[in-house]
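Asker: Give me the fold of what follows.
(one chain, ligands or ions: 5)
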Amino acid sequence: MDRFLPRKDDYPKEIHKALRHSLFAGGKRIRPYLMVLIYYMYKKQLTPEILMPAAAIELLHTYTLIHDDLPEIDNDDYRRGKKTCHVVFGADIALLAGDSLLIESINMINNTHISVSKRIKLIKDLTAIAGERGLIAGQMQDILSENQECTKNTLEFIHINKTAKLLQLCTRWGAYLADAKAEEIKKMDEFGKKLGLAFQIVDDILDVEGNAETLGKSIGKDEKTRKATYPAVLGMKKSKALAEKYTNEALKILATYGRDAVYLEALTKYLLERKK
Ligand code: IPE
Ligand code: IPE
Ligand code: MG
Ligand code: MG
Ligand code: MG
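Answerer: Ligands and ions are numbered 1, 2, ... in the order given. Predicted structure coming up:
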């Protein structure tokens, strides 16, 4: 990512500084890691062709975080253990930094050394889930559901769209780029969906029970703003049980790979137990 993007002192430097502030603040890098692990599971080796699409997802993800934190959306002051982009650089620059990361994620895929047909397929996939049929639909409904009674269906819609679809894209791409068969890609898609749902439920739980310093972001905000979260709708006990259920379903898919999936299995378990 560092080599791909313009230098931080390039003109006009404010934009490069701002997006680099958020990008290199130290996220968990779960999405690229997932993609690389799945690619390795099928391919039995790592080749550079996986790194650019994996990094592209991290650019896209960081864009969603910068915009999610803006005063007009979640209004958060901390992210990845640092002051948020808009707090340091102002909302105008943070908005543009997010836009840049979104565009650069597509640019990065287009610069990957893979066939043109594969590149087109990746860009098609990415734009399909990042736009108003996916991530933005999830974020939209998340905003609309603030301070409202929220049904389980709406809640699931939000979580699938704002979070799970991006993780699903990573698990699918890992298999696709390793030239796995269509049925394998489908299996990884299903794995990603379970993992993605568990991931956002755990994110909701950590907003209640987590530690702000460990998490690197503020806690207790979802309740304050009456966000549509699993703990708010189902209660804490049922939320934990559901995160565990999705994790177990994800693990069941991995079990069919035996020892080849040990790293993925460890990551899946970690994502349930994580404290950050
Ligand atoms: C936070 O994602 C936003 C959600 C979709 C829940 P992560 O928990 O992966 O954030 P980073 O990348 O580690 O900062
Ligand atoms: C954000 O969900 C999902 C995104 C698409 C960014 P949250 O609003 O719960 O994520 P955090 O808790 O701020 O990381
Ligand atoms: Mg949000
Ligand atoms: Mg948020
Ligand atoms: Mg959250």
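Asker: where does whatever helix or strand Pro53 lives in sit relative to the chain's centre, distance-wise?
Answerer: Assessed by DSSP states H and E, Pro53 sits inside helix 51-69. Distance of helix 51-69 from the chain centroid (CA atoms, centre = their mean, to the nearest Å) equals 7 Å.
Asker: Output the contacting helices and strands for the helix or strand just after it.
Answerer: Where DSSP H and E defines the elements, the next helix or strand beyond helix 51-69 is strand 78-79. Judged by 3 or more CB pairs under 8 Å, 6 or more residues apart in numbering; DSSP states H and E, strand 78-79 has no packing partners among the helices and strands. Just so you know, the C-beta spots here come from the backbone N, C-alpha and C atoms, and that holds for glycine as well.
Asker: tally of neighbours for Ala18?
Answerer: As a burial measure, Ala18 scores 26 neighbours (other CB atoms under 10 Å).
Asker: residues touching it, list them.
Answerer: Cys85, Val88, Phe89, Ile93, Ala94, Leu96, Ala97 (CB atoms under 8 Å, 6 or more residues apart in numbering).
Asker: Secondary structure element for it, which one?
Answerer: Going by DSSP H and E, Ala18 is in helix 13-23.
Asker: ditto for Ile129
Answerer: helix 116-130.
Asker: buried ones in that helix?
Answerer: Lys118, Arg119, Lys121, Leu122, Ile123, Asp125, Leu126, Ile129, Ala130 (16 or more other CB atoms under 10 Å).
Asker: tell me the angle that helix makes with helix 51-69.
Answerer: On the basis of axes from the mean of the first three to the mean of the last three CA atoms, to 10 degrees, helix 116-130 is oriented at 20 degrees to helix 51-69.
Asker: what about helix 116-130 and ligand 1, touching?
Answerer: No. Helix 116-130 lies out of reach of ligand 1 by CB under 6 Å from any ligand atom, never closer than 12.9 Å.
Asker: could you give me the average pLDDT of whichever helix or strand comes after that helix?
Answerer: Per DSSP H and E, the first helix or strand lying C-terminal to helix 116-130 is helix 135-144. For helix 135-144, mean pLDDT is 98.
Asker: Repeat that for stretch 240-252.
Answerer: Taken as a whole, stretch 240-252 carries a mean pLDDT of 98.
Asker: Residues contacting that stretch, please?
Answerer: Contact partners of stretch 240-252, identified using CB under 8 Å, 6+ apart, comprise 191, 194-195, 197-198, 201-202, 205, 230, 234, 265, 268-269, 271-272.
Asker: what angle separates the helix ranked longest in the chain from helix 135-144?
Answerer: As assigned by DSSP state H, the longest helix anywhere in the chain is helix 182-209. Calculated by the same axes, to 10 degrees, helix 182-209 forms an angle of 30 degrees with helix 135-144.
Asker: for ligand 5, what are the nearby residues on the protein?
Answerer: Asp203, Asp207 (CB under 5 Å from the ion).
Asker: on that earlier part again, of the contacts of Ala18 - the most surrounded one?
Answerer: Cys85 (29 neighbours).
Asker: if I look at it, how far off is Glu104?
Answerer: 15 Å (CB to CB, to the nearest Å).
Asker: Give the buried residues for stretch 33-44.
Answerer: Tyr33, Leu34, Met35, Val36, Leu37, Ile38, Tyr39, Tyr40, Met41, Tyr42, Lys43.
Asker: does Ile93 count as helix, strand or coil?
Answerer: Under DSSP: H, G, I helix; E, B strand; the rest coil, the three-state class of Ile93 is helix.
Asker: which SS class is the closest residue to Ala178 other than its chain neighbours?
Answerer: The shortest distance from Ala178 to any non-neighbouring residue, by CB to CB, 6 or more residues apart in numbering, is to Tyr42 (3.6 Å). With three-state DSSP as the basis, Tyr42 sits in helix.
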